[in-house]
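Asker: What follows is a predicted structure for the sequence shown.
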Amino acid sequence: MYVATLISKPEDARVTPEIVSSLKARLNGSSVDWLAEGIACDIYFDAEATGFDVFWRGLERMRIDFCVQRVAGRRKQVLLADMDSTMIQQECIDELAAEAGVGERVAGITARAMNGELDFEAALKERVNLLKDLPVSVIAKVLAERITLMPGGGELVATMRANGAYAALVSGGFTDFTSAIAAKLGFDENRANTLLQADGKLTGEHGVPVLGKQAKVDALNEIVAARGLTAADVIAVGDGANDLGMLHLAGSGVALHAKPVVAAEVDLRLNYADLTGLLYLQGYKAAEFVQA
């Protein structure tokens with residue numbers, strides 16, 4: 001059996017009974033389950049329908065996300081999440097660069113790297129080099145003044161952990177940020193790159209090996225192996241080209257407000273929902289959400 005999930009931005013409830021009824025008829029659906037009135041709804045159907053792209057484009061114009069998956073195994077036991085532009089609303093290195101006076105230059109490199117136009121490791125090296133001699137104290141300033149959490153992240157982590165799942169934050173960013181964000185959101189662990197420091201300043205170099213696309217895949221495999229699970233038990237979320245490996249490997253790989261190259265390769269796409277959309281994709285009802 002398959003399930004089609006319709007999700008809108010929580011503060012912009014657009015999923016109406018009329019839309020659901022029409023789509024149910026077109027899918028020859030067997031039943032409907034409202035997960036949150038006006039915000040999220042499941043439509044169950046027995047046979048794999050065709051023409052999903054047509055449905056998706058129509059709902060996209062209504063600012064409603066539309067995802068189809070098998071019902072069996074949709075609730076996962078591991079959450080593997082990217083950090084920058086996923087669990088937080090910014091790119092940390094861009095914010096550091098803004099403080100260093102090279103914001104536009106670094107942001108341009110970041111955008112190209114996240115869309116798969118540049119080699120991730122080379123782009124990381126170039127950007128970190130531009131931060132040379134930035135006082136280490138600026139990291140705390142950026143965390144306090146420039147970094148904001150992506151809506152729904154606290155509920156996502158808290159709800160999954162309350163239901164026995166393991167949560168890992170795996171980022172191509174830096175441990176100075178992932179450690180703080182992981183602690184704030186309640187992740188079980190975090191992995192990222194390191195910014196090398198000396199005499200209270202950044203050296204313009206990073207630690208090795210670099211945590212990039214393959215390292216995220218390796219993290220997924222290590223985490224599930226340690227728990228006697230498989231990749232099918234994972235829901236992974238990210239937005240950049242360096243996330244594609246883990247998104248393809250995970251049982252549910254979710255592109256959240258993703259770069260075009262990522263959205264083009266991933267079936268589960270959330271363009272309007274916040275991070276609670278990952279809970280709706282697993283069949284959680286809003287009444288089951290655990291507040292962070």
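Answerer: Yep, it's here.
Asker: who's in contact with the spatially closest residue to His206 that is not a sequence neighbour?
Answerer: Spatially, and ignoring its direct neighbours in sequence, His206 is nearest to Val128 (4.8 Å; CB to CB, 6 or more residues apart in numbering). Every C-beta, even on glycine, is put in place using the N, C-alpha and C of the backbone. Residues near Val128 by CB atoms under 8 Å, 6 or more residues apart in numbering: 93, 195, 202, 204-206.
Asker: now these: which count as buried?
Answerer: Listed as buried from those are 93, 195, 202, 205-206; burial here means 16 or more other CB atoms under 10 Å.
Asker: Please enumerate the helices of the protein.
Answerer: 17-27, 52-61, 92-100, 103-114, 120-129, 137-145, 153-162, 175-185, 213-226, 244-249, 260-263, 277-281 (DSSP state H).
Asker: will you turn these into JSON lines that also has distance to Met83?
Answerer: Output for those, formatted as JSON lines (distance: least, CB to CB, whole Å):
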{"stretch": "helix 17-27", "distance to Met83": "34"}
{"stretch": "helix 52-61", "distance to Met83": "26"}
{"stretch": "helix 92-100", "distance to Met83": "8"}
{"stretch": "helix 103-114", "distance to Met83": "13"}
{"stretch": "helix 120-129", "distance to Met83": "14"}
{"stretch": "helix 137-145", "distance to Met83": "12"}
{"stretch": "helix 153-162", "distance to Met83": "10"}
{"stretch": "helix 175-185", "distance to Met83": "6"}
{"stretch": "helix 213-226", "distance to Met83": "11"}
{"stretch": "helix 244-249", "distance to Met83": "13"}
{"stretch": "helix 260-263", "distance to Met83": "15"}
{"stretch": "helix 277-281", "distance to Met83": "15"}
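Asker: Out of those, the one nearest Leu79 is which?
Answerer: helix 153-162 (5.1 Å; CB to CB).
Asker: For the closest one, name the packing helices and strands.
Answerer: strand 78-81, strand 166-174, helix 175-185, helix 277-281 (3 or more CB pairs under 8 Å, 6 or more residues apart in numbering; DSSP states H and E).
Asker: that older thread, quick check: which of the helices of the chain has the most neighbours on average?
Answerer: helix 277-281 (a mean of 27; mean count of other CB atoms under 10 Å).
Asker: distance between that one and the chain's centre?
Answerer: Centroid separation between helix 277-281 and its chain, computed with CA atoms, centre = their mean, to the nearest Å, is 11 Å.
Asker: Same check on stretch 207-216?
Answerer: Using CA atoms, centre = their mean, the offset of stretch 207-216 from its chain centre is 18 Å.
Asker: Name the residues that touch it?
Answerer: 80, 82, 120-121, 124, 170-172, 191-196, 238, 241-246.
Asker: go on, stretch 54-68?
Answerer: Under CB under 8 Å, 6+ apart, the answer for stretch 54-68 is 2-9, 12, 14-15, 19, 23, 26, 52, 267-273, 277, 281.
Asker: so which of the helices and strands packed on helix 153-162 comes closest to Ala97?
Answerer: strand 166-174 (12.5 Å).
Asker: What count of nearby residues applies to Lys201?
Answerer: 15 (other CB atoms under 10 Å).
Asker: and the closest residue to it other than its chain neighbours, how many neighbours?
Answerer: Nearest residue to Lys201, sequence neighbours excluded (CB to CB, 6+ apart): Asp133, at 5.1 Å. Per other CB under 10 Å, the neighbour tally for Asp133 reads 10.
Asker: No further questions, thank you.
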